[in-house]
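Student: Build me a model:
(2 chains)
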Amino acid sequence: MDNQNFNNMNLNDFSIGGIQNNILEFITPEIMWFAFLIITGITVILSLVVLWHWDKYAVGLLRKSATQSTYVMITGSLLFAVLISVVLYVS
Amino acid sequence: MLLDQEEFKIEVFRRHWMVMVIEFAVFLFIALAPVVGVLAFIGSSNIQFVPQMHKLMFFLTTTWILFVWLAFFVVYTNYYLDVWVLTNRRLIDAEQKSLFTREIAVLRLDNIQDAVSETRGIFATMFNYGDVHVQTAGSQKEFVIYDVHDPKLVRDQIMRAQEAAAREKQNVRIIQD
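Tutor: As a prediction, the model looks like this:
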């Protein structure tokens, strides 16, 4: 790279601020909502599969229902936290 | 699990809870290590992050923890659905290998030749858990009951049940003769 080209480059591109701006410009609200949709889809499908396994194979009714409700509660809370983070980002 | 006529359950064996505690510790580390690492990096460096970047990091953190939680629960499901049932006639091995892969093997007690208990490692010795290898007559595969509590007691229970089954079979033969 010759000196002239080097001087013409935007040095901001190499700074942390520049990288941050590039990332934030790239991740638009649409991308965030799409990511949330994918995350929700994966979570729902995996949850259905796992809960089906518990329903079909688990022995002990009390333990089964307690585990299933704990799982749904924790997964729901984490997914809600992801939703909050998306809303904060796009707002 | 359907039992035959005159068949009754003697004992149900599961993996020891300590196995799951170790798995939990590993998953907790996986969940928190990157988060703590990033926070430590931000705290120790002079880099100024714009508020929007903090929000993006919050999103990445919550997503990461959600996925680690989902992976942990799959592992817990595999752990909990592994079960060995000893009846007066059979030893039933129901193993959840992974999601949608469940293996059920049945061993008749009169096919058992020997059982060997094995405890390996610090935690297994401290918390008294280990494997029980059940050796069979013929070309059947070896049965292994993994990470069960008090493997010596389990081995004794299996051998007692095997002896009782053999005695019962002998009595039936004598009556028939």
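Student: Low-confidence ranges, chain B, go.
Tutor: Within chain B, the segments meeting pLDDT under 70 span B:1-2, B:139-141, B:172-177.
Student: In it, where's the longest helix?
Tutor: Longest among the helix segments of chain B by residue count, using DSSP state H, is helix B:51-80.
Student: could you say what helices and strands that one packs with?
Tutor: Judged by 3 or more CB pairs under 8 Å, 6 or more residues apart in numbering or on different chains; DSSP states H and E, helix B:51-80 is in contact with helix A:16-26, helix A:29-57, helix A:61-90, helix B:17-44, strand B:90-98. To be clear about C-beta, it is placed using only N, CA and C from the backbone, and glycine gets the same treatment.
Student: And the first one, what's buried?
Tutor: Same thing as helix A:16-26. Within helix A:16-26, the residues that count as buried by 16 or more other CB atoms under 10 Å in any protein chain shown are A:20-21.
Student: repeat for the last one
Tutor: For strand B:90-98, a neighbour-count test (16+ other CB under 10 Å) marks B:90-96 as buried.
Student: So what touches that strand?
Tutor: A:53, A:57, B:1, B:7, B:77-78, B:81-86, B:102-109, B:112, B:134, B:143, B:145, B:158 (CB atoms under 8 Å, 6 or more residues apart in numbering or on different chains).
Student: how far does it sit from the chain's center?
Tutor: 10 Å (CA atoms, centre = their mean, to the nearest Å).
Student: and the helix or strand that it is followed by with helix A:29-57, angle?
Tutor: Of the helices and strands lying after strand B:90-98 in sequence (DSSP states H and E), the nearest is strand B:101-108. Relative orientation of strand B:101-108 versus helix A:29-57 (axes from the mean of the first three to the mean of the last three CA atoms, to 10 degrees): 10 degrees.
Student: Counting by contacts, list what strand B:101-108 packs against.
Tutor: By 3+ CB pairs under 8 Å, 6+ apart, strand B:101-108 packs against strand B:90-98.
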